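# The amino acid sequence is not available; the structure is as follows:
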């Protein structure tokens, strides 16, 4: 399997990506805290069907963080330009976790109707999660801590808030992913995970395969079911004995389903 490593420049930001295979383009988007290397086992099984493009999204792998905090839309803008300049203007999409946010937002745009073909989302993020009592305790504790700083004059407020965000008590209120981040990527994390994408679903007309691990603890199956209910042409397939990385936990079954979908959608039912 011949793998080409190259760099795509997006507003002077060097984005490392892999290219491998032959056939119509397939853009593979990794999840938060992951990178292109994690997705490469998929490439070895799909490169006879598709020319696979696997970028390190900004802030992950070999691609540096963006110069300022990004939103989901900023990542979509990058994907659009990547497909336009590198993948010939149109591509199928296989997206994992955070990559699923990008795929949903992209497909809901007018540009996505032209640029995105068939879509596979596995363990996709973007739906509003069910919250626990502990979550609400942390949330309202954070609001109480933040309230006094909001009374400061604007010239001093941001500096004070930045100091507070660096304290141990503030960091302890965030998720484990949040605590591992700092600077631009911490703010990017907050901006992206706080946007729920249910409003996008009715705008999407693509054929979308939702491929979920039954034991997914990061984005539980109910989130995949919510996507399926909101999409016009979505189909949820659940894989037993698999978690958030279903393509690594059950690679043979995962690939068999994806190949059937990419070749003939109606083969999924019998796979």
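That came in fine, so what should we check first? On a predicted model such as this, the values are computed, not experimentally measured, just so you know.
# Need phi/psi at the nearest residue to residue 233 once chain neighbours are set aside.
In space, and not counting its chain neighbours, residue 233 is closest to residue 207: 5.0 Å by Cβ to Cβ, 6 or more residues apart in numbering. Glycine gets a C-beta too; all of them are placed from N, C-alpha and C. Dihedral pair for residue 207: phi -80, psi 120, per degrees, to the nearest 10.
# Next: residue 80.
phi -60, psi -50.
# That one: how many residues sit nearby?
Neighbours of residue 80 under the rule other Cβ atoms under 10 Å: 18.
# how close does it sit to residue 37?
Going from residue 80 to residue 37 by Cβ to Cβ, to the nearest Å gives 24 Å.
# just residue 81 next, same as before
Taking Cβ to Cβ as the measure, residue 81 falls 23 Å from residue 37.
# repeat for residue 160
40 Å.
# go on, residue 128?
Counting by Cβ to Cβ - residue 128 and residue 37 are separated by 31 Å.
# cool, residue 60 as well?
Distance, residue 60 to residue 37, using Cβ to Cβ: 10 Å.
# Tell me which of those two has more neighbours.
Between residue 60 and residue 37, residue 60 has the larger neighbour count (other Cβ under 10 Å), namely 21 against 13.
# Would you confirm that that one contacts residue 38?
No - under the criterion of Cβ atoms under 8 Å, residue 60 makes no contact with residue 38, lying 9.7 Å away.
# Please enumerate the shared neighbours of these two.
Shared contacts of residue 60 and residue 38, defined by Cβ atoms under 8 Å, 6 or more residues apart in numbering, comprise residue 30.
# The helix-or-strand element of the chain with minimal mean pLDDT: what's the following helix or strand?
Within the chain, no helix or strand scores below helix 176-179, which has a mean of 53 by mean pLDDT, DSSP states H and E. Using DSSP states H and E, the next helix or strand after helix 176-179 towards the C-terminus is helix 183-193.
# how about that following helix: buried residues?
Buried positions in helix 183-193, judged by neighbour count with 16 or more other Cβ atoms under 10 Å: 184, 185, 186, 188, 189, 192, 193.
# next one: that helix to chain centre, how far?
Taking Cα atoms, centre = their mean, to the nearest Å, one finds the center of helix 183-193 at 13 Å from the center of the full chain.
# and it, what does it pack onto?
Judged by 3 or more Cβ pairs under 8 Å, 6 or more residues apart in numbering; DSSP states H and E, helix 183-193 is in contact with helix 72-85, helix 176-179.
# Residue 8 belongs to a strand, doesn't it?
Yes - assessed with DSSP: H, G, I helix; E, B strand; the rest coil, residue 8 lies in a strand.
# wait, it sits on residue 87?
No - with contact defined as Cβ under 8 Å, residue 8 does not count as touching residue 87 (10.1 Å).
# returning to that earlier point: of the buried residues of helix 183-193, which is the nearest to residue 148?
residue 186 (21.7 Å; Cβ to Cβ).
# No more questions from me, cheers.
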